[in-house]
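Trainee: got a predicted model here, sequence first, then my questions.
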Amino acid sequence: MHYFQHRDGELFAEGVPLRAIAERVGTPCYVYSLATLRRHYQVFDEAFEAIPHLVCFSVKANSNLAVLRTFARDGSGFDIVSGGELFRAMKAGADPAKIVFSGVGKSAAEIRNALTAGILMFNVESPGELETINAVAGEIGAKAPVALRVNPDVDPKTHPYISTGLKKSKFGIHIQRSLDDYRRARQLPHVEVVGVDCHIGSQLTTVPPFVDALERIRDLVMRLKAEDFNIRYIDMGGGLGITYNDEKPPAPRQYATALVEGLRGLDVTLILEPGRVIVGNAGLLLTKVLYHKSTDEKHFIVVDGGMNDLIRPALYGSYQAIQPVRRTNASTMIVDVVGPVCESGDFFAKDRELPVVESGDLLAVMSAGAYGFVMASNYNTRPRPPEVLVDGATFHIVREREALEDLVRGERIPPELR
Ligand code: LLP
């Protein structure tokens, strides 16, 4: 069942025509389908029903409060990487006992807030961080539950910017060295070792890298158990990919079956930190055609959304499908879909075959629910777009479009310059 579908020649989100959303909130605008968000979470969670597990939605992928609230209500935990994400998760009603805190550079203040909130565990990325966590926990009389994020050195075969499990990566502690750090952690009075964590990369479209990583994690857990560490959690991170174009990623069930198999005989709770696979295809960016422009070599469609709204094509050269909201029988042409930002990298599509569209027509940039709004910026002093959550035949504005005044809030002209 797809919740973004053409009906009578018009693209709908659930029961709402996208045209109606554009009329009410303007463009560009992010649109999410509540039914899709919930179904993706549920399918993912149920895939692991055979074993004790906890799904911690990765807040970085989409941190809108209404989206987080949806998952919290359905029982999800959260993977956070900053004090800001902790703040959002708590505001959305998250259960702190289901929050894991990842990230290479946690500050003492962030650690303190997370300890005070009572999170499930810290995924620690360096010996220095371990010392800081121990010190902060000591100050407030707490015992910090930790896992070490180990780097299993497997190649996820994804884009280099989003592959994180290789030896040369800044992430994690090399698995062979981690045993020493585990022993050190055990000496620390305000730290309790509870797990092993890894995250090998994002947008993985095959299962074997996950299985390879788990095999190495498994060896480590066996060694730790032999040394009487009480390892209760294995956190396999996120990373399961989605279809943007013609990728054929494994279904959550396939991925789950492989992991469940790899965990056999280990008495642990599996933690997962999915982001993209839950929200990616539950959202789109609605944008309007402003102008046509041709050179001898290219035909450009200039739209009102830009790289500041959705940066993935500019940053990773990634493919995002584009659908005209109004389906026509018009012939197609090869175009570049570009935004208004003053950068050559400001494009949504290059050399893409699209039906001929006119000024004022709406386009939907698909698969924009993950790493979309969260990576938006105000470059070129462009207000960030609104976010809309569709629920059946109704929709809610879950974040307003920024106003120009929002963009200069906090800026001051010094008296000397007045
Ligand atoms: N856990 C950790 C520790 C992570 O670093 C990430 C993503 C996730 C979980 C969630 O991964 P997912 O399930 O979404 O693949 N901006 C890039 C993706 C960056 C991913 C960063 N880490 C993009 O737009 O493709």
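Mentor: Cool, the structure landed.
Trainee: and the longest helix for the chain?
Mentor: helix 208-226 (DSSP state H).
Trainee: which residues touch it?
Mentor: Outside of helix 208-226, the residues within contact range by Cβ atoms under 8 Å, 6 or more residues apart in numbering are 150, 152-157, 165, 175, 178-179, 182, 196, 198, 200-201, 204, 231, 234, 236, 239, 255, 258-259, 262-263, 266, 268. (Each C-beta comes from the backbone N, C-alpha and C, glycine too.)
Trainee: tell me which stretches of the stretch 51-200 of the chain form strands.
Mentor: Along the stretch 51-200 of the chain, counting by DSSP state E, counting those that start in this stretch, strands occupy 53-58, 77-80, 99-101, 121-124, 144-151, 173-174, 191-197.
Trainee: number of nearby residues for the closest residue to residue 369 other than its chain neighbours?
Mentor: Closest residue to residue 369 apart from its sequence neighbours, by Cβ to Cβ, 6 or more residues apart in numbering: residue 283 at 2.5 Å. Number of residues near residue 283 (other Cβ atoms under 10 Å) recorded here: 29.
Trainee: one step back: buried subset of the contacts of helix 208-226?
Mentor: 150, 152-154, 156, 165, 175, 178-179, 182, 196, 198, 200-201, 204, 231, 234, 236, 239, 255, 258-259, 262-263, 266, 268 (16 or more other Cβ atoms under 10 Å).
Trainee: how far does the longest helix of the chain sit from its chain's centre?
Mentor: Distance, stretch centre to chain centre, for helix 208-226: 25 Å (Cα atoms, centre = their mean, to the nearest Å).
Trainee: that helix vs strand 191-197, what angle?
Mentor: Using axes from the mean of the first three to the mean of the last three Cα atoms, to 10 degrees, the direction of helix 208-226 lies 150 degrees away from that of strand 191-197.
Trainee: who are the packing partners of the helix or strand just after helix 208-226?
Mentor: Per DSSP states H and E, the first helix or strand lying C-terminal to helix 208-226 is strand 233-235. In terms of contacts (3 or more Cβ pairs under 8 Å, 6 or more residues apart in numbering; DSSP states H and E), strand 233-235 is packed against strand 121-124, strand 191-197, helix 208-226, strand 269-272.
Trainee: nearest to the ligand, out of those?
Mentor: With Cβ to the nearest ligand atom as the criterion, the ligand lies closest to strand 121-124 of the helices and strands packed on strand 233-235, at 6.9 Å.
Trainee: what about the closest one and the ligand, touching?
Mentor: No. For strand 121-124, no contact with the ligand is found by Cβ under 6 Å from any ligand atom; the gap never falls below 6.9 Å.
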